[in-house]
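Asks: Let's see this in three dimensions:
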Amino acid sequence: MNKKRILCTLLIGSLMVSALTACAIIHQQTPSVHGSAQVGSQQDEPSVVVFGSGITVASMAETPSVAPARHSALIGSFKNAMTHNGLFRLDYESLAPVPDLVKEWSELSDTLFEFRIHEGIRFHNGDEMTAYDIAASFEYVRNYPDQRGTHGSVMSWEVIDRYTILLDTGVPNALLLSDLTSHGNFIMPRSLLEAGHDFTIEPIGSGPFIFEEWRAGDFLRFRAFENYFDTDRFPMIEYVHWRIIPEGASRTIALESGEIDYVVDVTFPDVARLEANSDITVQQISGATFQHFIMNNDRPQFDNIYVRRAIDMALDREAMVVASLDGFGVPIWTSMPPMLSGASTENTRSFDPNGARALLFEHNIDPATLDFEILIFDEQQRRRAEVAQANLGDIGIAVTISMIDFATWLTLTLDDTYDATFANFTTTNLVSFFRNTMSIEFIGSQNRSRMRNEEFSDLVYKALITVNEQERTAILEEASAIANDHAGVLGINMNIVVRAFNSNLVAPELAANGSMFMNMMYWNE
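Replies: Residues are numbered from 1 along each chain as shown. Got it, this is the predicted structure:
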């Protein structure tokens, strides 16, 4: 068996996706790379593949919840996409929103949008999906803060008929279609929502896989849904057994031995070794995940802009990428993903420990009074934090590092009970990134830095309601310069997505946001 190594380099500019499609009267679903969707009544037999076997997947982290809208974790969104659908989904190549449940849609005005879904879509419990399920799902998601940034685009809705719903954004909104791809807007059966069904125990959706079991800290299991509506994206494998293996070396050994078939979180020091193995495929693409350092701006150590700027200058990004990612990352100095339309390098700094010391001295700030704790939840963050600890110690700031589990991290960082941390945010749209991570309205949700800059927040809202792309880009460039100057969120690097899997397995769709679309995977005979 010849070694197959896929190196798929995405041009960074391809991620500059405009979230709002230019106005047209009727938008029909067009064929994807695998053809257009064919939807009918509930099927007795799968029409695309004959089931043969499944795959065993391994990841480092565990989802906080299997219920849509109940978390903001990327790893959780992978599971939600297996069991649920949204009105739109992201195309894996362009990361542009494309219709999923939607058959056709029309733009009635700058704020009114009419969507008609395919007829005959079935939920896992047998119910047929209707527009009433969409309305009930949108009402449900408003009860949970983790997805405020994605469900907030829709101000109100009206069911027109069994398969048609009208969405009102209230004001022009550049994020609507992009937000409709989010797991926070996935659709659930109205009958179960009204009955008080616990989706955290049994996530019933319309997705290509049915949830079967979750043993916390060990594994999740899914089986193919035989009545999945989209025959061109019908699951090609019978089941997915998703294991949680925190140790990178253990995941590598399990893949090499055949114990698992697909590794989501490849430990980077093992990449060369895996590439040398003819039985394993290594897949790499430029990623859309912004890996960053967050200082809680409400803490007394960080309410001074000169302290935040000095810390920014003290952190050695290149050393962090080498230590934590074995070089599999791109160091950055902006407070936002630099490849997105509207990003700016204005007011950025560079690695300059002497300059950091001088800045503190100039403003009469004693670094000995600035000691703080960094919360981390995995080994990559630990290695990154150790570099930061050494960097900041070099300018006189003492730092402690505390390892906690991911669920605890989510709680502490939302509840304001922390000093600083490292985090990841995956996005393809700068308006969405700024609104979620730095806007005042999302303090207590995804704005974990608690950045409170009114001028910045006003600009983000202005960009949100500006449909003209050139005007929106200019507004975002102004907001970017403020974010860099404020230094509340410090970019460390953009990621590189790496997957490794059995060479007999075909995995044709890997997106820059890490999504791997397991319904499209299949085994070579």
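
Asks: Just the strands from the stretch 401-525 of the chain, written as ranges.
Replies: 420-426, 489-502, 505-506, 522-523 (DSSP state E, counting those that start in this stretch).

Asks: In contact with Gln381, which residues?
Replies: Ser324, Phe422 (CB atoms under 8 Å, 6 or more residues apart in numbering). To be clear about C-beta, it is placed using only N, CA and C from the backbone, and glycine gets the same treatment.

Asks: Please identify the deepest-packed of the strands of the stretch 401-525 of the chain.
Replies: Greatest average neighbour count among the strands of the stretch 401-525 of the chain goes to strand 489-502 (a mean of 23), per mean count of other CB atoms under 10 Å.

Asks: so how far is that strand off the chain centroid?
Replies: Relative to its chain's centre, strand 489-502 lies at 12 Å (CA atoms, centre = their mean, to the nearest Å).

Asks: mind checking pLDDT for the nearest residue to Pro203 once chain neighbours are set aside?
Replies: The shortest distance from Pro203 to any non-neighbouring residue, by CB to CB, 6 or more residues apart in numbering, is to Val66 (4.6 Å). Per-residue confidence (pLDDT) for Val66: 90.

Asks: Distance check, the residue nearest to Met520 when sequence neighbours are not counted against Ile55.
Replies: Leaving aside its sequence neighbours, Met520 sits nearest to Glu509 (CB to CB, 6+ apart; 4.9 Å). Applying CB to CB, to the nearest Å, the value for Glu509 to Ile55 is 14 Å.

Asks: Check Glu226 too.
Replies: 18 Å.

Asks: of those two, who's got more company?
Replies: Ile55 (21 against 17; other CB atoms under 10 Å).

Asks: Correct me if wrong: that one contacts Arg243.
Replies: No - Ile55 is beyond contact range of Arg243, at 11.0 Å (criterion: CB atoms under 8 Å).

Asks: C-alpha coordinates for stretch 426-445, CSV please?
Replies: C-alpha atoms of stretch 426-445 as CSV (Å, rounded to 0.1, in the frame of the first residue of the first chain):
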residue,chain,number,x,y,z
THR,A,426,-13.1,29.7,15.0
THR,A,427,-14.7,32.1,12.6
THR,A,428,-14.9,33.1,8.9
ASN,A,429,-16.4,36.5,9.5
LEU,A,430,-14.8,39.5,11.3
VAL,A,431,-18.2,41.0,12.3
SER,A,432,-19.1,37.7,14.1
PHE,A,433,-15.7,37.5,15.7
PHE,A,434,-15.7,41.0,17.1
ARG,A,435,-19.4,40.9,18.2
ASN,A,436,-18.9,37.6,20.1
THR,A,437,-15.5,38.1,21.7
MET,A,438,-15.2,41.9,22.3
SER,A,439,-18.5,43.6,22.1
ILE,A,440,-20.0,45.0,25.4
GLU,A,441,-23.3,43.3,24.7
PHE,A,442,-21.7,39.8,25.0
ILE,A,443,-20.0,40.3,28.4
GLY,A,444,-21.1,37.4,30.4
SER,A,445,-21.3,35.2,27.2
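
Asks: what distance separates it from the middle of the whole chain?
Replies: 12 Å.

Asks: Show residues contacting stretch 203-215.
Replies: Here stretch 203-215 makes contact (CB under 8 Å, 6+ apart) with 66-68, 80-85, 101, 121-125, 129, 186-189, 192, 197, 202, 219-225, 228-230, 233-235, 240, 518-519.

Asks: residue ranges of the helices in the stretch 301-450 of the chain, please?
Replies: Applying DSSP state H, counting those that start in this stretch to the stretch 301-450 of the chain gives helices spanning 305-314, 317-325, 353-362, 379-394, 406-414, 430-437.

Asks: For the ones you listed, give me TSV that also has mean pLDDT and distance to Gly514.
Replies: Converted to TSV, those look like this (pLDDT from 0 to 100; distance: least, CB to CB, whole Å):
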stretch	mean pLDDT	distance to Gly514
helix 305-314	98	27
helix 317-325	95	14
helix 353-362	98	33
helix 379-394	96	14
helix 406-414	87	16
helix 430-437	91	16
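
Asks: What ranges does the stretch 101-250 of the chain have for its helices?
Replies: Counting by DSSP H, counting those that start in this stretch, the helices of the stretch 101-250 of the chain are 131-141, 148-151, 176-179, 190-194, 248-257.
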